[in-house]
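Participant: From the sequence below, what's the structure:
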Amino acid sequence: MKKTMFTLIAMIALIIGESPHAQAKECITVGGTALAQAISPTSFIASLDGTFNAARAEVTGQEETKTGLVLGMEHYFMSSENGFIKTNDKAVLTTVSGKDNVYFIEIDYNIVEAGGTLEGYSGKFHSFGGFKMDQGKIALRYRGEMCK
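Facilitator: Now for the predicted structure:
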């Protein structure tokens with residue numbers, strides 16, 4: 001009787017623990033393009049297509065490297081469905097040989113806050129593109145996933 005009861009309890013725990021409803025996540029593929037413009041030496045605004053339609057970025061730190069720069073950044077992204085996310089990020093800028101003030105830029109975005117229709121989402125996504133530093137212009141492609 002004890003063995004049967006133990007087996008029954010173990011089977012129930014296994015079924016409940018592996019239930020797709022208990023562990024299901026709602027995920028969104030994030031992706032699109034962005035065109036950004038510097039509005040000050042450390043602030044950018046951007047028009048996006050895809051998952052988000054607008055963004056604001058702030059440079060929070062800068063470090064020179066052998067191949068360019070590493071920037072600490074903070075972004076706010078807004079969707080047309082009244083959602084937003086805030087990210088804390090690292091941008092790696094690599095000089096483009098033969099092109100003055102032109103960098104290849106890669107940014108890893110870490111979602112730290114989400115609200116509106118994106119409330120509860122977290123995750124990471126990535127972008128890459130070009131940065132004409134002397135003009136303050138950036139063109140990027142972004143992609144990733146966020147889940148809740």
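Participant: quick one: residue 37 and residue 43 touch, right?
Facilitator: No. Contact criterion CB atoms under 8 Å: residue 37 and residue 43 do not qualify, at 9.9 Å. Quick note: C-beta positions are derived from backbone N, CA and C, even for glycine.
Participant: who's in contact with the residue lying closest to residue 54 once chain neighbours are set aside?
Facilitator: Spatial nearest neighbour of residue 54, excluding adjacent residues (CB to CB, 6 or more residues apart in numbering): residue 78 at 4.6 Å. For residue 78, the contact set (CB atoms under 8 Å, 6 or more residues apart in numbering) comprises 52-55, 84.
Participant: Taking these, tell me the two that lie furthest apart.
Facilitator: 53 and 84 (10.9 Å; CB to CB).
Participant: immediately after the lengthiest strand in the chain, which helix or strand?
Facilitator: If you go by DSSP state E, the chain has its longest strand at strand 102-116. Per DSSP states H and E, the first helix or strand lying C-terminal to strand 102-116 is strand 122-132.
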